[in-house]
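Enquirer: Got a predicted structure here, sequence first:
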Amino acid sequence: MAIHSLFMMCSLMHVKSFEMQVNRKVKKGSLLIDSSTIDPAVSKELAKEVEKMGAVFMDAPVSGGVGAARSGNLTFMVGGVEDEFAAAQELLGCMGSNVVYCGAVGTGQAAKICNNMLLAISMIGTAEAMNLGIRLGLDPKLLAKILNMSSGRCWSSDTYNPVPGVMDGVPSANNYQGGFGATLMAKDLGLAQDSATSTKSPILLGSQAHQIYRMMCAKGYSKKDFSSVFQFLREEETF
């Protein structure tokens, strides 16, 4: 199959609108790779429309953040026809060190949604633990060091700590500028909520995280990095 790749980085659009925009541009045999984060059901519908054009659609949402993007160490979670994975892997490997085949169309989105839900929960947990420790008189750098050598260690504590002054090169060290916005996290948690509803899956902490990030966006944190939940917790006495 001839490869003509089209990356759609923000394609949360109506399926028919998508068809109208690309129908005249997509050549037969094209490979379309969508690296946005959208509802798995939408990816499946897009795949059907692309198939009508004689092309192939794969969803490949990305994880790793700004730092991994700069270093070329992103992770891509790919869903689609397995026979086409090698071609997608060759393209995505130019930007990421991990390109993982997840299964049929939509499974890449499913993996990304699950990952981001866990990330949101762990970031809130890290922020709560750090805030409590600081209020109990612990030095934040010391507390982070203890957490990172203990069972509470996670990516949010050892790589992306939300407390200003604990780490360099992360949004919390730059007034929460850059990184992954709170609005985007709220959007992804909404996708997780919708998927949980459609599959009748209980996500008690995921739902609470969704509510917290929605509140943050309503209170002026929408353009700040999602780790600003620490600042939000410091400013909020009650929910």
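Expert: Good, I have the coordinates.
Enquirer: Each with direction, which strands does the longest strand along the chain pair with?
Expert: Longest strand of the chain, by residue count under DSSP state E: strand 96-103. In the sheet, strand 96-103 lines up against strand 74-79 (parallel) (DSSP bridges).
Enquirer: what's in contact with the partner strand?
Expert: Residues outside strand 74-79 that contact it (C-beta atoms under 8 Å, 6 or more residues apart in numbering) are 35, 40, 43, 58-64, 68, 85, 88-89, 92, 95-112, 115. Yep, even glycine has a C-beta here, placed from its N, CA and C like the rest.
Enquirer: In PyMOL, how would I select the buried members of those?
Expert: Remark: buried members of these, expressed as a PyMOL selection using 16 or more other C-beta atoms under 10 Å:
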select buried, resi 35+40+43+58+59+60+61+62+63+64+68+85+88+89+92+95+96+99+101+102+104+105+106+107+108+109+110+111+112+115
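Enquirer: In helices, which of the contacts of strand 74-79 fall?
Expert: Within the contacts of strand 74-79, residues falling in helices by DSSP state H are 40, 43, 68, 85, 88-89, 92, 107-112, 115.
Enquirer: Contacts only, for the nearest residue to G133 once chain neighbours are set aside.
Expert: Closest residue to G133 apart from its sequence neighbours, by C-beta to C-beta, 6 or more residues apart in numbering: L143 at 4.2 Å. By C-beta under 8 Å, 6+ apart, L143 lies in contact with 129-130, 133-134.
Enquirer: Is it possible to get these out as CSV so that each row also shows distance to N175?
Expert: Below are those laid out as CSV (distance: C-beta to C-beta, whole Å):
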residue, distance to N175
A129, 22
M130, 17
G133, 22
I134, 18
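Enquirer: Scan those and report the most crowded one.
Expert: Per-residue neighbour counts (other C-beta atoms under 10 Å) across those peak at M130, which has 24 neighbours.
Enquirer: helix or strand right after the helix or strand that contains L118?
Expert: For L118, the host element (DSSP states H and E) is helix 107-135. Going down the chain from helix 107-135, the next helix or strand is helix 140-148, by DSSP H and E.
Enquirer: Pull out the buried residues from the helix or strand just after that next one.
Expert: With elements assigned by DSSP H and E, the helix or strand that comes after helix 140-148 is helix 155-158. Applying a neighbour-count criterion of 16+ other C-beta under 10 Å, one finds 156-158 buried in helix 155-158.
Enquirer: Stretch 183-191 now?
Expert: So for stretch 183-191, counting by 16+ other C-beta under 10 Å, buried means 183-189, 191.
Enquirer: just these now: which is nearest G72?
Expert: Nearest to G72, judged by C-beta to C-beta, of the buried residues of stretch 183-191 is L184 at 21.5 Å.
Enquirer: dump the residue contacts of that closest one.
Expert: Contact analysis of L184 by C-beta under 8 Å, 6+ apart lists F226.
Enquirer: name the element it belongs to?
Expert: L184 belongs to helix 182-199, assigned by DSSP H and E.
Enquirer: what's the angle from that helix to helix 107-135?
Expert: Here helix 182-199 runs at an angle of 120 degrees relative to helix 107-135 (axes from the mean of the first three to the mean of the last three C-alpha atoms, to 10 degrees).
Enquirer: Flag the shaky bits of this protein, pLDDT-wise.
Expert: Applying pLDDT under 70 to the chain flags residues 1-24, 237-239.
Enquirer: cutoff 90 now
Expert: 1-30, 53, 64-73, 178, 235-239 (pLDDT under 90).
Enquirer: mind checking how far the residue nearest in space to the middle of the chain is from V78?
Expert: The structure's the chain has its C-alpha centroid closest to N116; by C-alpha atoms, centre = their mean the separation is 4.7 Å. Noted for N116: a distance of 17 Å to V78, by C-beta to C-beta, to the nearest Å.
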